[in-house]
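Visitor: fold the following and give me the result.
(one chain, ligands or ions: 1)
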Amino acid sequence: MPAEKRELVHPSPSVVAAANVQNLDELRRHAANDLEGFWAERAREFEWSQPWDRVLDASKAPFFKWFVGARTNIVHNCLDRHVRTARRNKLALIWEGEKGDVRTFSYHALNREVCMFANILRSMGVKKGDRVTIYMGRIPELPIAMLACAKIGAVHSVVFGGFSAEALHGRIEDSQSNVVITCDGGWMNGKIVELKKMVDEALKRSPTIEHVIVVKRTGQEVQMEAGRDYWLHELMQLPIARGQSGGNRCETEQMDAEDPLFLLYTSGTTGKPKAILHTHGGYMVGTATTLKWVFDLKEEDRWWCTADPGWITGHSYLVYGPLLLGATSFMYEGAPTYPYPNRWWSMIEKYGINVFYTAPTAIRGLMRFGEAWPNRHDLSGLRLLGSVGEPINPEAWRWYHRVIGKERCPIMDTWWQTETGMFMITPLPVMDLDPGSATLPFPGVEVDILDEHGTPVATGEEGYLVIKRPWPAMLRTIYGDPDRYVQQYWSKYPGLYFTGDSARRDENGHLWIIGRVDDVIKVSGYRLGTAEVESALVSHPAVAEAAVIGIAHEVKGQAIHAYIILRSGQTPSEELHDAVIKHVAHELGPIAKPEKLTFVTQLPKTRSGKIMRRVLKARAQGLPEGDISTLEE
Ligand code: WTA
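Guide: Residues are numbered from 1 along each chain as shown. Got it, this is the predicted structure:
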């Protein structure tokens, strides 16, 4: 938070006049005084086959329940209800491949694909509650597969296509999936990412998998194991795809509002990623309401969320949120700079994108190529911009605002997490902005900033960010580990949700997120656990011990700096340095590659043997080491 007095950025009158939400103060008051009534009003915008008996059940907190007793299916609200109306011929999805190939899906066409895919899954024996792992490139079949699972009540677990076979194996095993959906390969930066090959490697040790459905995308030769692996395009030709009643229809399974919708693995303090569980009812109400209010989506808008569906941002705001609102989404397969750094800007022009949502790391990366690239394109269709994933530094904010938004488009800096499912701290289009601040909590969300003892800190002081009241899209548990759910999120301050972030509040009441206080590093907005990277490091035969810290990086925000102690008999060398880095990429995925690797003979540890990463961090930044009284001799 800059110390000097700052000028707030006021929204332009045209944006304010058009905003979906005009009576923000009234809505805030309503939510503060009657949280259940506030969310019930939002929930009534959806179709439920059975209404709720109670909006919120907190009797078994922190295992909260929302819309208790209600029945619906998120896919019913994403597709079924739209295809009954004039929206059936509206575009739901426009997709462009990295090589420039284009596919479009109306709501009718998307629904048809989802129904056929769902019929195939059902015919393979997938039923309500079963887990299905999805590991794909950014192609339309990825959202189609997610929706097909949800439609029949199966629980999808999407694993980001940039993860390694090892990471995929761990997630398949933990979720006990029976089916994997993948593609032969994905295009990224003009090269093929060999996804099917990774699946083959992962499945060598995953006996639970019965079937693998493979989408043909890149066309190179892949191994197909008879009786296990099937091409999707061949399955789609079979009578099973047409469904029991024929006509490519498929009945949508009616779900309890609290039935699981998906698992999504994310990194935390231990080496083992945790599966965050979200449900049909509350998640639906939370994601759709936040998208409609914050990004002000209109019937005629074209929305582009650049996130990969393998992350929560893709789940909530590329797949579910926009479809719930009946919006038109754009999705792009490849790299932002392929073949040139104007690729994104050219597509904003080509498809007439109105609302654009991306991450600070992408903005900083594209900023480096200069203004000439975006300036070659007509970006006048843009009305609103968004940012997510890490604090946006004011320099990137101003560039984004001036060069991309032409000082006309406000930037919605949305703070939230895999766990929260929906935006939690964010401006709305009618609000004043302060570059670098996510401003205020969404209506109904109450936060505080506390010190170690649970006392609220003074204005301007740093403390732990907590959430004080439940919200509908909140995680329900960590799949298979309810104790860890309680311990991780609800134990530091009983009754309050602990975010793992530190923050400050300024004299305007605006919130400034500082960063993670746990052992999570945000590399290019991707969430990685130090313990995961450390365990990948020590699995190299030459490495005895390892410690990892996040260091500031101009484009990535944070990068990984690894310190390793070699086993006796091993000597540091350039080859070993490179081999260890390569090993991490193989174990976890290229995103986890250390930026810097230092050979050391000792690591700062407490007397009980815990590595003091704080001390390493201070040393790396040339800062004082703080209290080191617990450091071993
Ligand atoms: C960080 C991503 C500052 C934060 C949706 C959080 C942010 C973590 C912002 C969650 C933002 C996300 N400003 N920090 N606008 N958005 N973060 O689970 O540290 O991948 O706890 O969810 O990202 O990361 P996750």
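Visitor: ok, how many other residues are close to the closest residue to G69 other than its chain neighbours?
Guide: Leaving aside its sequence neighbours, G69 sits nearest to D53 (Cβ to Cβ, 6 or more residues apart in numbering; 3.9 Å). To be clear about C-beta, it is placed using only N, CA and C from the backbone, and glycine gets the same treatment. Per other Cβ atoms under 10 Å, the neighbour tally for D53 reads 10.
Visitor: also P427?
Guide: 25.
Visitor: can you check E554 too?
Guide: Quick note: E554 (other Cβ under 10 Å) scores 12 neighbours.
Visitor: can you pull the contacts of the closest residue to it other than its chain neighbours?
Guide: Take E554 and drop its neighbours on the chain: the residue closest to it by Cβ to Cβ, 6+ apart is R364, 6.8 Å away. By Cβ atoms under 8 Å, 6 or more residues apart in numbering, the contact set of R364 is 393, 396, 554-555, 557.
Visitor: which SSE is R364 in?
Guide: R364 belongs to helix 360-367 when assigned by DSSP states H and E.
Visitor: run the chain-centre distance for that helix.
Guide: 18 Å (Cα atoms, centre = their mean, to the nearest Å).
Visitor: now that helix: mean pLDDT?
Guide: Mean per-residue pLDDT for helix 360-367: 96.
Visitor: send me it as PDB with only the CA atoms.
Guide: Taking C-alpha atoms only, helix 360-367 is exported to PDB below (Å, rounded to 0.1, in the frame of the first residue of the first chain):
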ATOM      1  CA  PRO A 360      -1.400  -9.700 -13.700                       C
ATOM      2  CA  THR A 361       1.400 -12.000 -14.800                       C
ATOM      3  CA  ALA A 362       0.000 -12.100 -18.300                       C
ATOM      4  CA  ILE A 363      -0.400  -8.300 -18.400                       C
ATOM      5  CA  ARG A 364       3.200  -7.900 -17.200                       C
ATOM      6  CA  GLY A 365       4.400 -10.400 -19.700                       C
ATOM      7  CA  LEU A 366       2.600  -8.700 -22.600                       C
ATOM      8  CA  MET A 367       3.600  -5.200 -21.400                       C
END
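Visitor: follow-up on the earlier one: export the contacts of R364 to a markdown table and tack on pLDDT, distance to G525 and secondary structure?
Guide: A markdown table is the format used below for the contacts of R364 (pLDDT from 0 to 100; distance: Cβ to Cβ, whole Å; DSSP: H, G, I helix; E, B strand; the rest coil):
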| residue | pLDDT | distance to G525 | secondary structure |
| --- | --- | --- | --- |
| N393 | 93 | 13 | coil |
| A396 | 96 | 12 | helix |
| E554 | 93 | 14 | coil |
| V555 | 94 | 11 | coil |
| G557 | 93 | 7 | strand |
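Visitor: mark which of those residues are buried, thanks.
Guide: By neighbour count, with 16 or more other Cβ atoms under 10 Å, those hold 393, 396, 555, 557 as buried.
Visitor: for the residues you listed, which one is nearest V180?
Guide: Set against V180, the nearest of those by Cβ to Cβ is G557 (31.8 Å).
Visitor: returning to that earlier point: for the contacts of R364, which one is nearest S380?
Guide: A396 (21.8 Å).
Visitor: residue contacts, the closest one?
Guide: Applying Cβ under 8 Å, 6+ apart, the residues near A396 are 360, 363-364, 367.
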